[in-house]
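[1] One predicted model, sequence on top.
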Amino acid sequence: MYEPRFYRDQMAAEGLVPFEVRVEETDLLICATDNLSAMAHELVVYYRALIEEFIERFPVFKTSFTPIEIPGNAPDIIKSMADAAKSAGVGPMAAVAGAISEYVGRALLEHADEVIVENGGDIFIKSNKDRKMGIYAGESPLSNRLAVAVKAADTPLGICTSSGSVGHSTSFGKADAVVIFSADTALADAAATRVGNMVRTKEDISKAIDFAQTVPGVEGVIIVIGDGLGGWGKFEFVPI
């Protein structure tokens, strides 16, 4: 079922062409130097098919909430999801949105100098200029009042968000937003899920941040729950 992504109204990428690509549950907002919607659609169909075909052979890949072992000859996108799940301690499908964002984005970079792919709050970005990203956190009083700098020199970068109060993705926590920064977008997605699962009250922020720091490849984390805020790592708040 299509769910309107109203937070996209807050997303702008100066100098880039925005377009949307929807294939079944996958719903991307892409900003690039040119309109590559036809190519992006083909890429989404291709990567979805790889994942769906793998699930047909190994159904546990879709249903497991814990990491699983996969065959050595699995497609690269499957390996990325499995590796991210193992690092974060979650099931591989916790990394699917981030993986699709990055694989589509990197393929489009063969035809564009800059690409931003947003997939349900999970972002892959390669930019030639510094940008900023606002943080949508549902009903939190901090929602749309925080923004972080995204420096061109730090991209390609994955910026992924998990929420226990926004969207349809499975979360066992109550955080309004958990944002993870990593060069590996699949890992950022999986880690955001794991950290989000740990946050049920403001008192959980500190231990969740401590855990995020132990995940190899995680470069930063921001946690918002109600009026509570915590963070660590390689990011800088900027005026929204």
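    Good, I have the coordinates.
[2] what about A183, neighbour count?
    15 (other Cβ atoms under 10 Å). Glycine gets a C-beta too; all of them are placed from N, C-alpha and C.
[3] That one and I159, how far apart?
    11 Å (Cβ to Cβ, to the nearest Å).
[4] now the helices: where do they sit in the protein?
    Along the chain, the stretches classed as helices by DSSP state H are 37-57, 60-63, 76-88, 96-108, 185-198, 205-214.
[5] what sits against the closest residue to L16 other than its chain neighbours?
    Distances taken as Cβ to Cβ, 6 or more residues apart in numbering place C31 nearest to L16, at 3.9 Å, with adjacent residues excluded. Neighbouring residues of C31 by Cβ atoms under 8 Å, 6 or more residues apart in numbering: A13, L16, V17, P18, F19, E114, V115, I116.
[6] most centrally placed residue in this protein?
    In the chain, the centroid-proximal residue (Cα atoms, centre = their mean) is D122; its distance is 2.4 Å.
[7] State whether it and T161 are indeed in contact, as I suppose.
    Yes - when contacts are counted by Cβ atoms under 8 Å, D122 is listed as touching T161 (6.8 Å).
[8] list residues touching both of those two?
    Shared contacts of D122 and T161, defined by Cβ under 8 Å, 6+ apart, comprise A192.
[9] out of the contacts of C31, which is most surrounded?
    When neighbours are taken as other Cβ under 10 Å, the top entry among the contacts of C31 is V115 (28 neighbours).
[10] quick one: that residue and A107 touch, right?
    No - using Cβ under 8 Å, V115 and A107 do not qualify as a contacting pair, with a distance of 9.2 Å.
[11] most distant residue from the middle of the chain?
    R57 (26.0 Å).
[12] Distance check, that residue against I51.
    Separation of R57 from I51 (Cβ to Cβ) stands at 11 Å.
[13] show me the contacts for A74.
    Residues counted as contacts of A74 (Cβ under 8 Å, 6+ apart) are F54, A82.
[14] Could you report the distance from it to P92?
    Distance of A74 to P92, given as Cβ to Cβ: 10 Å.
[15] burial count for T201?
    T201: 12 surrounding residues under other Cβ under 10 Å.
[16] what's the burial count for I100?
    Neighbour count for I100, taken as other Cβ under 10 Å: 28.
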